[in-house]
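Peer 1: Got a predicted structure here, sequence first:
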Amino acid sequence: MAGTGVNLPSAGTLTTTQKATLADLAEEKKPAQGVYLALTPSSRDARFTRISSADEQYLSPLRFLMTRYKVTDPTAGKAVGAFSSADVAQEYRDLVAQGKASLAAALTVGQGIEKQDIAEFTAAAKDLKAADLTAVYVYSRLTTASTHHLATFGG
């Protein structure tokens with residue numbers, strides 16, 4: 001599990017829906033990273049830079065798991081601010097625009113992103129049996145990380 005930052009159990013079995021969810025989670029995590037990078041200059045707040053860096057680390061195990069389960073990575077080769085989905089791209093642009101209004105607006109955007117992540121990770125973990133995904137899962141680790149990020153943004 002080199003490069004994932006965690007030691008993962010052997011692969012399990014995923015349903016088609018669970019594989020799609022894995023890709024969706026990666027695509028949702030990537031815009032958060034980009035939003036935080038985009039808000040750093042206008043907010044002049046180092047929290048956005050730190051959390052953006054942390055989000056890159058959290059994408060690593062998701063990418064590893066997508067490779068393991070032969071799931072196409074929708075974030076592969078995409079620069080910051082570039083996305084596979086037009087809806088995700090629009091959400092990114094909207095969040096950046098909202099957050100640039102003020103530091104308070106930027107923090108509110110950060111809180112909203114982290115609350116959404118927590119809800120998505122929690123929902124994704126339901127009925128999950130694959131030990132490697134439940135170990136990270138990445139879900140429990142990502143949920144914990146998003147909870148810390150939410151607190152960092154004052155939520």
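Peer 2: In hand now; what should we look at?

Peer 1: Can you point out the buried residues in the longest helix anywhere in the chain?
Peer 2: In the chain, taking DSSP state H as the definition, the longest helix is helix 16-43. Within helix 16-43, the residues that count as buried by 16 or more other Cβ atoms under 10 Å are 18-19, 21-23, 25-40, 42-43. From N, CA and C alone the C-beta is placed, and that goes for glycine too.

Peer 1: how close does G99 sit to L37?
Peer 2: Computed as Cβ to Cβ, to the nearest Å, the G99 to L37 distance reads 11 Å.

Peer 1: Helices along the chain, start to end?
Peer 2: In the chain, the helices defined using DSSP H lie at 16-43, 46-68, 86-99, 103-125, 131-136, 142-152.

Peer 1: next one: the longest helix of the chain to chain centre, how far?
Peer 2: Computed by Cα atoms, centre = their mean, to the nearest Å, the chain-centroid distance of helix 16-43 equals 4 Å.

Peer 1: out of the helices of the chain, nearest to A79?
Peer 2: helix 16-43 (8.9 Å; Cβ to Cβ).

Peer 1: quick one: average pLDDT of that closest one?
Peer 2: In this model, helix 16-43 carries a mean pLDDT of 87.

Peer 1: ok so, going back, show me what the longest helix of the chain is packed up against.
Peer 2: helix 46-68, helix 86-99, helix 103-125 (3 or more Cβ pairs under 8 Å, 6 or more residues apart in numbering; DSSP states H and E).

Peer 1: Compute the inter-axis angle for the second one and helix 103-125.
Peer 2: Between the direction of helix 86-99 and that of helix 103-125, the angle (axes from the mean of the first three to the mean of the last three Cα atoms, to 10 degrees) works out to 150 degrees.

Peer 1: in stretch 46-64, what's buried?
Peer 2: Buried-residue list, stretch 46-64, by 16+ other Cβ under 10 Å: 47-48, 51-52, 54-55, 58-64.

Peer 1: give me the low-pLDDT residue ranges for this protein?
Peer 2: Counting by pLDDT under 70, the chain contains low-confidence ranges at 1-10, 135-141.
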